[in-house]
Structure formats: structure tokens, C-alpha cells
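Trainee: have a look; sequence and predicted model below, questions after that.
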Amino acid sequence: MTTQGKNTKSSTKNTAQDHGNAFDFATPFGAAPELAAQVQANADAALQSLALAGKGAEEITAQMMTYAKTNGENYMAAMQGLAGANSVQDMMTVQADYAQSVFAAASSQLSALSALGFGAMKAAAAPINERIAASVNHAQGLK
């Protein structure tokens, strides 16, 4: 039984030499330079798409950091207002004003982040969409 297992192992072992180097390892698409160009263009589009997505993520992060800083400053101003309040009515007014400003800022931030996010997705998808269109045009030209 062990002999049969050894024979199976050695008989299924394949190397490039067993196949007479039918595959050109130096040029993966050696016989099809047009296909190689398509693959290269697709890879370039994917890299460009990733770079644009990264840029979009940086813009979103910068927007969020600005919002966090502004929100923190507004919070500190509200706390100073509370500390300087002379009555309960003054404290409630400061808190109400702060709550309204937080809600308005959060709504504005959500809109800004949505716009940045959709813009980043659209920009990141553009290179891929161009390659899809080029591939469709190429395929239609082969008919």
C-alpha cells in the first residue's frame, strides 16, 4: 500500500520541464500582447482607483477632525457659560443654546460627510468604469 501511495505522489508531480516550457514565465501573456496590455491597463486603473479612494478617505478624515475640534471648542465655551451662569435660568439657556448648536453642527457635518463620501466613491469608481467601457468596446469590435 505504501508503494502505491509513493507512485501516486511521484506520478502527479508536475514541473515546467514536464510540459516542455509551454508557458513563457518571463512574459505571462507572451503570445497575446493585446491581452497583456488589457491586463496592465486594468491593473493601472485599479491602482488609480485605490489612490483616489485613499485621497477621499483623507479628505473625510480631515473633515471629521475639523468637526471634532470645533465641537470640542463649542463644548468648552458652553461649559464656561455654565460656570459663569448666575441663575438656574441662565444655565438652562446656555444648555439649550448648546444643544441647538450641536444638533445644527451634526446635521451640517452629516451633509458634508455624505457629499465627500459620494464624491470619493464616484472618483474612485471612474477609472474602473473607464476600463469596463473600454473592454466592452473592445469586445464589440471583435464581433
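Mentor: It's in.
Trainee: what does Pro127 show for phi and psi?
Mentor: With angles defined as degrees, to the nearest 10, Pro127 sits at phi -60, psi -40.
Trainee: that one reaches Ala45, doesn't it?
Mentor: Yes. Between Pro127 and Ala45 there is a contact under C-beta atoms under 8 Å: 4.0 Å. The C-beta positions use only the backbone N, C-alpha and C, and glycine is treated the same way.
Trainee: for stretch 122-135, give me every contacting residue.
Mentor: Residues from elsewhere that reach stretch 122-135 (C-beta atoms under 8 Å, 6 or more residues apart in numbering): 38, 41-42, 44-46, 48-50, 52-53, 55-56.
Trainee: switch to 6 Å and redo it
Mentor: For stretch 122-135, the external contacting residues (C-beta atoms under 6 Å, 6 or more residues apart in numbering) are 42, 45, 48-49, 52-53.
Trainee: need the per-residue pLDDT for the most centrally placed residue in the chain.
Mentor: Nearest to the geometric centre of the chain sits Ala53, at 4.3 Å (C-alpha atoms, centre = their mean). At Ala53, the pLDDT value in this model is 95.
Trainee: and the helix or strand hosting it, how far out from the chain's middle?
Mentor: Using DSSP states H and E, Ala53 falls within helix 33-83. Centroid separation for helix 33-83 versus its chain: 9 Å, with C-alpha atoms, centre = their mean, to the nearest Å.
Trainee: what is it packed up against?
Mentor: Here helix 33-83 touches helix 88-141, going by 3 or more C-beta pairs under 6 Å, 6 or more residues apart in numbering; DSSP states H and E.
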